[in-house]
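[1] Got a predicted structure plus its sequence, pasted below:
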Amino acid sequence: MGSQTCTALQKQALLWFVIAASQCVSVLGCGPHYEYAIEDFCLGKFRLDMQELDQRHWCNWEDTVELYEELTNCTYLVALKMDCFWPNRLVDEFFIRVHRHYFHDCSLTGRLPMDPPNRILGPFIVVPILVTLLMTALVVWRSKRSEGIV
């Protein structure tokens with residue numbers, strides 16, 4: 001009798017686990033149907049819009065903010081139509097893929113890091129070289145001058 005009760009409790013626990021897991025899946029998102037919908041509908045339009053924009057402007061937030069907002073709103077509206085929670089894990093993974101493809105070279109400020117112009121960078125390179133040469137010449141000159149004094 002004890003083993004039958006234990007087996008019944010195990011079955012009941014397993015049933016509750018399956019029910020809880022299915023509820024968690026619905027809380028996390030709708031699954032592959034939602035993912036396909038945002039890939040086809042939202043990302044398709046975003047790709048076309050980004051292709052129209054010169055690739056040099058992808059990191060300029062002022063040029064891409066409207067396109068990015070449209071993409072975000074699209075994922076939200078598709079989630080509403082499909083009775084999904086938003087945001088969810090699938091949306092997070094979707095935007096990570098978008099960022100890896102379109103914004104991987106962008107800095108946190110939204111501008112590409114670049115060297116300053118040569119007229120500014122040049123003095124920072126030339127002055128230390130000249131100071132080093134001048135100090136070396138001064139040491140050599142001073143050491144030759146003091147050779148006669150003992």
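    Received the coordinates, thanks. Numbering: from 1, shown residues only.

[2] Check which element follows the helix or strand bottoming out on mean pLDDT in the chain along the chain.
    Least confident helix or strand, the chain: helix 2-28 with a mean of 49, by mean pLDDT, DSSP states H and E. Using DSSP states H and E, the helix or strand that follows helix 2-28 in sequence is helix 32-37.

[3] Now do that next one: everything it contacts.
    With contact meaning C-beta atoms under 8 Å, 6 or more residues apart in numbering, helix 32-37 is reached by 29, 78-79, 82, 84, 90, 94. Yep, even glycine has a C-beta here, placed from its N, CA and C like the rest.

[4] which SSE is residue 78 in?
    helix 61-81.

[5] hang on, the earlier thing: among the contacts of helix 32-37, which one sits closest to residue 142?
    Comparing the contacts of helix 32-37 against residue 142 with C-beta to C-beta places residue 94 closest, at 69.4 Å.

[6] and the strand or helix carrying residue 44, which residues are buried?
    Here residue 44 sits within helix 44-52, counting by DSSP H and E. By neighbour count with 16 or more other C-beta atoms under 10 Å, helix 44-52 contains the buried residues 46, 50.

[7] Give me the contacts around that helix.
    So helix 44-52 is contacted by 58, 64, 67, 70-71, 74, 98, 102 (C-beta under 8 Å, 6+ apart).

[8] so can I have CSV of those showing distance to residue 50, pLDDT and neighbour count?
    Formatted as CSV, these follow (distance: C-beta to C-beta, whole Å; pLDDT from 0 to 100; neighbours: other C-beta atoms under 10 Å):
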residue, distance to residue 50, pLDDT, neighbour count
58, 7, 87, 18
64, 8, 91, 21
67, 7, 94, 18
70, 11, 95, 14
71, 10, 96, 22
74, 14, 94, 18
98, 9, 95, 18
102, 6, 91, 19
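
[9] what two of these are the furthest from one another?
    58 and 74, at 18.6 Å, using C-beta to C-beta across these.

[10] What is the neighbour count of residue 32?
    Look at residue 32: counted by other C-beta atoms under 10 Å, it has 10 neighbours.

[11] got a pLDDT number for the residue nearest the centre of the chain?
    The chain has residue 99 as the residue nearest its centroid, 5.0 Å off, counting by C-alpha atoms, centre = their mean. pLDDT, residue 99: 92.

[12] could you give the angle of the strand or helix carrying it to helix 44-52?
    In this assignment (DSSP H and E), residue 99 forms part of helix 89-102. Angle, helix 89-102 to helix 44-52, by axes from the mean of the first three to the mean of the last three C-alpha atoms, to 10 degrees: 20 degrees.
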